[in-house]
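Asker: Following is a predicted model, sequence given first.
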Amino acid sequence: MTFLKSTVSNNAPSPISIDRSKIRSLFRKGGAGNVSAFTQAAAYYLDLLSEYFYLLGYTDPCDRLFEIEATLFECWRYAPYIRRVSDFERFLEIQLEKRSQDRFLDLPEPHSHLGQLDHLQRFLLVARIYQGWTYRSLYLATRKKKPELDRTLADLKCLVTGFKPQLLKTQEQLLIIRLSQLMEGELKTRDARAIEKDLAKHFHVLKFKAQWLGYRCELAELKVQMNIDSDVLTSFKNSLNDKLKDLPVERPKFRESILNQISFMRAHSS
């Protein structure tokens, strides 16, 4: 038995992964003052932003677009600091965490548990499960190493399905993390086969697997509900482009530019 990666839409690479060099070029032009280039690069992240804000309770498209616009305004202010795609993604993750304070999502079953997600879990659900970001992109955006990402993704799967791993033995809890890695496509073939063999001995872990695979279908349906009409998005991008032209940007000092070549830390003090 072979598991597929647990992306909701499909297993194809995300546009962000495919066009990363193009996005980097656009952001560099944006940092030099090219508003149109920045808007084109930011457009790659509209789905992620829409989905994240939906999970914060902004289920009305107009409310979501308002929050997306405000977030991208802040990103534009620091466009000259963005030299790499990971710079933008790191800054974006920080901004989303700031905007997630004191928000509440109330959805009916089977999505009632989505309101219990913390920022990191919500970000991973959107970036990894919905948008198919690579582990490297997740690490650069969140600064969380792979073991923590593995644990958080496993905890996320348990939380949204209502599964309670704390009631299991330690061995089974560890197996759930390994099973989650397997479903994410993060294990070598030999390790994957060993886990599949162990699963037959652990009924509760098999139950977790079945619950998650079933809930993925529910997440796919929810993703469709999150979609914003393409004509509305086109109008939004045109409006964003016009508004950004009138907004000033922060110019990094020489020392900050050098530090940013090592690690994009300027966003922490913004």
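Answerer: Good, I have the coordinates. Residues are numbered from 1 along each chain as shown.
Asker: Show me what counts as buried in the strand or helix carrying residue 62.
Answerer: Of the helices and strands defined by DSSP states H and E, residue 62 is found in helix 61-77. Neighbour counts using 16 or more other CB atoms under 10 Å place 61, 64, 65, 67, 68, 69, 71, 72, 74, 75, 76 of helix 61-77 among the buried residues. All C-beta spots, glycine's among them, are computed from the backbone N, C-alpha and C.
Asker: Distance of residue 214 relative to residue 110?
Answerer: Relative to residue 110, residue 214 is positioned 9 Å away (CB to CB, to the nearest Å).
Asker: What of residue 46?
Answerer: In this structure, residue 46 and residue 110 are separated by 26 Å, where distance is defined by CB to CB.
Asker: Name the residue in residue 214 and residue 110 with the higher neighbour count.
Answerer: Neighbours were counted for residue 214 and for residue 110 using other CB atoms under 10 Å; residue 110 has more, 17 against 11.
Asker: residues contacting that one?
Answerer: Remark: with contacts taken as CB atoms under 8 Å, 6 or more residues apart in numbering, residue 110 is in contact with 215, 218.
Asker: any idea how far residue 216 is from it?
Answerer: Taken as CB to CB, the spacing of residue 110 relative to residue 216 amounts to 11 Å.
Asker: Name the next helix or strand following the helix holding residue 62 along the chain.
Answerer: Using DSSP H and E, the first helix or strand after helix 61-77 is helix 85-99.
Asker: Contacts for the helix holding residue 62 next, please.
Answerer: With contact meaning CB under 8 Å, 6+ apart, helix 61-77 is reached by 30, 35, 38, 42, 46, 49-50, 53-54, 56, 58, 82, 88, 91-92, 95-96, 99, 228-229, 232, 236, 240, 243-244, 247-250, 270.
Asker: now stretch 156-175
Answerer: In this structure, residues lying in contact with stretch 156-175 by CB under 8 Å, 6+ apart are 6, 111, 113-114, 116-117, 121, 124-125, 154-155, 176, 180, 195, 198-199, 202, 204-205, 207-208, 211-212, 214-215, 219.
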